[in-house]
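S.K.: missing the sequence, but the structure's below:
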């Protein structure tokens, strides 16, 4: 730990010394991902708590949604971030001044107070959101105002997320240091995704929305929903209701309706993210057979004997059943319709166990079907399935994405995007063939040794002392480094994705497992390849994590020892509802007691009057005598 402390001290010293430095990857600003270029000065400004958004940007917009996106981003990233931190203890890395990074120490007293944010847009500011859209922006801070300049609304959304980190709470006031400050930024790769597995453990809609908030803060732009797998089928298919009716863990509470997905898509769009669905096939389809027995090859005896870990993953579709391919068509059609704003549909194609077809009770029917359709062996059958699904995607005017296994067996269409999960060598092989590719290898958030997909004995494999240090492996895993690709081949690498497979995570543990280390992947895909200092990353991520927790967009854990006080938890909606019910019940009891008291009082008055009346009459009678 001594050497690690010295490294942190060195990083802090370099960072402080560079506060007035300029240029690419300058560590003068604590922003994740690191911006492309920073020109930093030696001053600072105070940011007023009542900072406002100037509405001059509306002149360039004719779309109500675009204006709302900008206004909401300002509220979310600036006003709400400041409100969430106001009054809390400043984020602290260490009590030791030799280690404490001086982000919370105003090096120069503020010379002015900034009270407004100006947004300047290009001539075509609201293009359709898609992978490859212009996401570039600049942030300029001087003594007068904060100015965000971007060609598109999508660039503005990223600019606001940068501002959310630039504004620093030192425990007394909000400041931006190193002014005058100019940040010029754009992503290195157009595709920066996170795979969320909703089949092994169901992730409720509200949680998915919160994950979008946390991911967009890191400038991820694709939410890859691995919707279905062997364990469950939680997506509603219009013409085959029993897929989710019997294939979901709970058909009443653990199924995504089309309206659910539409709401998620709009939530993601307002934060600059595309939502891409995945329906894995022909393997990983055991859940299909729960609703429609026979569409999968029922090879349970074989799987239990040969695949003790998650045997259900090995079950594959049965080509001989007359419903199998129509179900594939229906799923793809619904996916294309519900996810209309996304240009891509992923149809899987990974880990197909040929032994399932060989040992299933339907083996004879399967081989007969293969003969009738000129399919010579099970590798060709695997390729047939993946090609069929991809062609269905193309018919629905979408671009297919498949896993590398489909490419390996010759089943990938030329236009399909290939997801690489086993090795970077496979990435090189794919782009050599002229196909586009995404790197997921090395970015699996569920792995303790993310570079060891083949064996714990491979040369790249390192097992870290701390589980959390696997972020270092991910950070050092550049998509194209050491592959000797031509520029044309390098351009075919669209980017990559972090992946959170959910066998061992659910809604309660997702953030700690899936959001703690993913900033390393976010920076690797956004920032320049030359930005590689893991200690500088660790400092920035710890502070970014604290801001995100305070904003309520993340429940990630820290990478290093620090002090971050969260805001006081506001009552949940159901807690507020129960409090309201309890208050109403108490009020009803009070009213009832008051009424009872009134009635008793009235009765006592009547009794008293009657008694008085009787007493008076008695006295009057005695007088007459």
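M.R.: Cool, the structure landed. Bear in mind the structure is a predicted one, so any value in this text is a computation, not a measurement.
S.K.: Show me what counts as buried in stretch 402-417.
M.R.: Neighbour counts over stretch 402-417 (16 or more other Cβ atoms under 10 Å) mark 402-409, 411-413, 416-417 as buried. Every C-beta, even on glycine, is put in place using the N, C-alpha and C of the backbone.
S.K.: Name the residues that touch it?
M.R.: Outside stretch 402-417, the residues within contact range by Cβ atoms under 8 Å, 6 or more residues apart in numbering are 344, 346-352, 379-380, 382-387, 390-391, 394, 399-401, 418-422, 426, 430, 433-438, 494.
S.K.: Without its sequence neighbours, what residue ends up closest to residue 552?
M.R.: Leaving aside its sequence neighbours, residue 552 sits nearest to residue 84 (Cβ to Cβ, 6 or more residues apart in numbering; 7.0 Å).
S.K.: which of the residues in the helix or strand harbouring residue 259 are buried?
M.R.: Assessed by DSSP states H and E, residue 259 sits inside helix 258-269. Counting neighbours by 16+ other Cβ under 10 Å, one finds that the buried residues in helix 258-269 are 260-261, 263-265, 267-269.
S.K.: sorry, back to before: what is the nearest of the buried residues of stretch 402-417 to residue 193?
M.R.: residue 417 (11.1 Å; Cβ to Cβ).
S.K.: close enough to count as contact, residue 399 and residue 393?
M.R.: Yes. At 7.2 Å, residue 399 counts as touching residue 393 under the criterion of Cβ atoms under 8 Å.
S.K.: what sits up against the longest strand anywhere in the chain?
M.R.: Counting by DSSP state E, the longest strand found in the chain is strand 43-53. Under the criterion Cβ under 8 Å, 6+ apart, residues 70-71, 74, 78-79, 82, 86, 106-117, 119, 141-143, 146, 167, 173-180 lie in contact with strand 43-53.
S.K.: Stretch 151-163 now?
M.R.: 31, 35, 61, 66, 69-70, 73-74, 76-78, 117, 119, 121-122, 124-127, 129, 133-139, 146, 148-150, 183, 185, 216-217, 219, 271-272.
S.K.: on that earlier part again, any idea which helix or strand comes after the helix holding residue 259?
M.R.: strand 274-279.
S.K.: I'd like the distance from the helix or strand following that next one to the chain centre, please.
M.R.: Next along the chain after strand 274-279, taking DSSP H and E as the criterion, comes helix 288-291. Relative to the chain's own centre, helix 288-291 is displaced by 29 Å; criterion: Cα atoms, centre = their mean, to the nearest Å.
S.K.: and what of stretch 224-234?
M.R.: With Cα atoms, centre = their mean, you get 17 Å for stretch 224-234.
S.K.: Okay, and residue 182 sits in which element?
M.R.: According to DSSP H and E, residue 182 maps onto strand 181-185.
S.K.: Can you give me the buried ones in that strand?
M.R.: Those would be 181-185, for strand 181-185 by 16+ other Cβ under 10 Å.
S.K.: For that strand, name the packing helices and strands.
M.R.: strand 37-39, strand 137-141, helix 153-166 (3 or more Cβ pairs under 8 Å, 6 or more residues apart in numbering; DSSP states H and E).
S.K.: okay if I get these as TSV plus distance to residue 372?
M.R.: Converted to TSV, these look like this (distance: least, Cβ to Cβ, whole Å):
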stretch	distance to residue 372
strand 37-39	62
strand 137-141	57
helix 153-166	50
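S.K.: Mind putting the ones you listed into a markdown table with mean neighbour count, distance to residue 306 and mean pLDDT?
M.R.: Shown next, in a markdown table, are those (neighbours: other Cβ atoms under 10 Å; distance: least, Cβ to Cβ, whole Å; pLDDT from 0 to 100):
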| stretch | mean neighbour count | distance to residue 306 | mean pLDDT |
| --- | --- | --- | --- |
| strand 37-39 | 19 | 55 | 96 |
| strand 137-141 | 23 | 53 | 98 |
| helix 153-166 | 24 | 48 | 98 |
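S.K.: Please look at residue 142 and residue 179 and confirm they touch.
M.R.: Yes. Assessed by Cβ under 8 Å, residue 142 is found in contact with residue 179 at 6.4 Å.
S.K.: which of these two has more neighbours?
M.R.: Taking other Cβ atoms under 10 Å, residue 142 and residue 179 do not tie; residue 179 has more neighbours (24 against 16).
S.K.: beta partners for the more buried one?
M.R.: Under the criterion DSSP bridges, residue 179 forms beta bridges with residue 43.
S.K.: Look up how far residue 53 lies from it.
M.R.: Separation of residue 179 from residue 53 (Cβ to Cβ, to the nearest Å) stands at 20 Å.
S.K.: Only whichever of the contacts of strand 43-53 are buried, select them in PyMOL.
M.R.: Applied in PyMOL, the following selects the buried portion of these according to 16+ other Cβ under 10 Å:
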select buried, resi 70+74+78+79+82+106+110+114+117+119+141+142+146+167+174+175+176+177+178+179
